[in-house]
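**Student:** Could you work out the structure for the sequence below:
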Amino acid sequence: MLKNKLNGLTIGLMLIAGIIAPSVHATSLATLIGPPAGTITQGNLVFSNFNTTLGGVNAAPTAIDVAAFTTAAGASGLRFTSLPVATQFAQATGGAAGGANARELVIEVDFTVTVTDPSFVIHQVTQSIDPTSLATGFSRMLSVTGIPPATATTVALNNCIVGSGFIGAGCPAPSDTFTLTTNASTFDVDRHLDLQVGAKQGNTLIAGSISTGFFDVTFPEISCAALTSVSIATTGSTAVCAGATGGTATVTDTGNLLANHQWGYRTATGGFITPLPSFDPAYIINGPDFPAPGAYLLV
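**Tutor:** This is a model prediction of the structure:
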């Protein structure tokens, strides 16, 4: 028989997984720039001070849709899509959108992200692009997220895709996630996508096309609230046979409710902890998790 007693708990701080939330706000970048200036709120984050670079190869703010969303891991962020709805950000050397020369389109969105709940801080910056993006011929798409050096931490995320006919350096090693060396509650962000197609070799144009449905940026947070107390309770039997299951042990936290739990056991008070394959707040006491019949301290 396995005899189990409750004695302690090992705690690690991290964000727990969430559920993908639908977009709660979608509007053109031009509307957000104003006047009057607009803001977007998603979870604990407020996005404000929207801007872009006008003219040249830059997309007009009326052609950029901005929507807030939450990832499956619980991180809030912004997704940028093309306007009118159901179109794509695209560039080509031929056809209605093309011409006889190499072409470029830059979609740039500048903004400020701020945490409204003082119990949380931003811990990471993560970017991504539509996985169905298509590049053909001589084409390259550069995906970049920058945080200006005036803030606590300088971040420059880079990724790209190239067409099969691209000639040149191609893509640098991708860097789509950066963990801030100093967690922050607010900073400025420069998120942009650069679509490049075509190249001239003498009088010959090397054709290309590229398109994408969206690109985005998210800001995983961590809780900075103190974990003030932890308690454990059991229901059912704490004595189980080697091949059976018994009662359930449940942990309750006070303070930092984002604490993640790793269950384990000791064979003596204050002794070495052997981890158990359970990370949930509740653990069903499982005989096969223990090496042999005896008395164990569940932690």
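**Student:** Only C-alpha atoms from now on, for both contacts and neighbour counts.
**Tutor:** Fine.
**Student:** List phi and psi for residue 33.
**Tutor:** For residue 33, the backbone dihedrals (degrees, to the nearest 10) come out as phi -70, psi -40.
**Student:** In three-state terms, label the nearest residue to it once chain neighbours are set aside for me.
**Tutor:** Distances taken as Cα to Cα, 6 or more residues apart in numbering place residue 50 nearest to residue 33, at 5.2 Å, with adjacent residues excluded. What DSSP: H, G, I helix; E, B strand; the rest coil gives for residue 50 is strand.
**Student:** Contacts only, for residue 50.
**Tutor:** Contact analysis of residue 50 by Cα atoms under 8 Å, 6 or more residues apart in numbering lists 29, 32, 33, 37, 38, 39, 109, 110, 111, 112.
**Student:** repeat for residue 199
**Tutor:** By Cα under 8 Å, 6+ apart, the contact set of residue 199 is 101, 102, 138, 205, 206, 207.
**Student:** residues touching the closest residue to the second one other than its chain neighbours, list them.
**Tutor:** The spatial neighbour of residue 102 that comes closest, neighbours along the chain excluded (Cα to Cα, 6+ apart), is residue 198 at 4.2 Å. Contacts were defined as Cα under 8 Å, 6+ apart; by that measure residue 198 touches 92-93, 101-103, 137-139, 205-209.
**Student:** which of the contacts of residue 199 tops the neighbour count?
**Tutor:** The most neighbours of any of the contacts of residue 199, using other Cα atoms under 10 Å, belong to residue 138, which has 25 neighbours.
**Student:** That one and residue 285: what is the separation?
**Tutor:** Applying Cα to Cα, to the nearest Å, the value for residue 138 to residue 285 is 60 Å.
**Student:** Ok, residue 261 next?
**Tutor:** In terms of Cα to Cα, residue 261 sits 15 Å off from residue 285.
**Student:** so which pair among the contacts of residue 198 is furthest apart in space?
**Tutor:** With distances taken as Cα to Cα, the most widely separated pair in these is 101 and 137, at 14.0 Å.
**Student:** All the strands of the stretch 1-150 of the chain, in order from the start?
**Tutor:** Applying DSSP state E, counting those that start in this stretch to the stretch 1-150 of the chain gives strands spanning 2-6, 10-13, 26-28, 40-42, 45-51, 64-70, 76-82, 89-92, 103-115, 120-129, 134-137, 139-147.
**Student:** any chance of those in CSV, plus mean pLDDT and distance to residue 298?
**Tutor:** Converted to CSV, those look like this (pLDDT from 0 to 100; distance: least, Cα to Cα, whole Å):
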stretch, mean pLDDT, distance to residue 298
strand 2-6, 33, 5
strand 10-13, 27, 11
strand 26-28, 85, 49
strand 40-42, 97, 39
strand 45-51, 98, 38
strand 64-70, 97, 36
strand 76-82, 97, 36
strand 89-92, 94, 55
strand 103-115, 96, 38
strand 120-129, 94, 31
strand 134-137, 94, 53
strand 139-147, 93, 45
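**Student:** could those strands go into JSON lines alongside distance to residue 157?
**Tutor:** Formatted as JSON lines, the strands of the stretch 1-150 of the chain follow (distance: least, Cα to Cα, whole Å):
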{"stretch": "strand 2-6", "distance to residue 157": "46"}
{"stretch": "strand 10-13", "distance to residue 157": "25"}
{"stretch": "strand 26-28", "distance to residue 157": "24"}
{"stretch": "strand 40-42", "distance to residue 157": "22"}
{"stretch": "strand 45-51", "distance to residue 157": "19"}
{"stretch": "strand 64-70", "distance to residue 157": "20"}
{"stretch": "strand 76-82", "distance to residue 157": "15"}
{"stretch": "strand 89-92", "distance to residue 157": "20"}
{"stretch": "strand 103-115", "distance to residue 157": "14"}
{"stretch": "strand 120-129", "distance to residue 157": "7"}
{"stretch": "strand 134-137", "distance to residue 157": "21"}
{"stretch": "strand 139-147", "distance to residue 157": "5"}
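**Student:** between those strands, which gets nearest to residue 268?
**Tutor:** Residue 268 sits nearest to strand 2-6 of all the strands of the stretch 1-150 of the chain, at 10.7 Å, using Cα to Cα.
**Student:** Now for residue 184, how many residues are close by?
**Tutor:** Neighbours of residue 184 using other Cα under 10 Å come to 19.
**Student:** Then residue 211?
**Tutor:** 21.
**Student:** Poorly predicted segments of the stretch 151-299 of the chain, please.
**Tutor:** Across the stretch 151-299 of the chain, the ranges flagged by pLDDT under 70 are 151-155, 226-227, 255-260.
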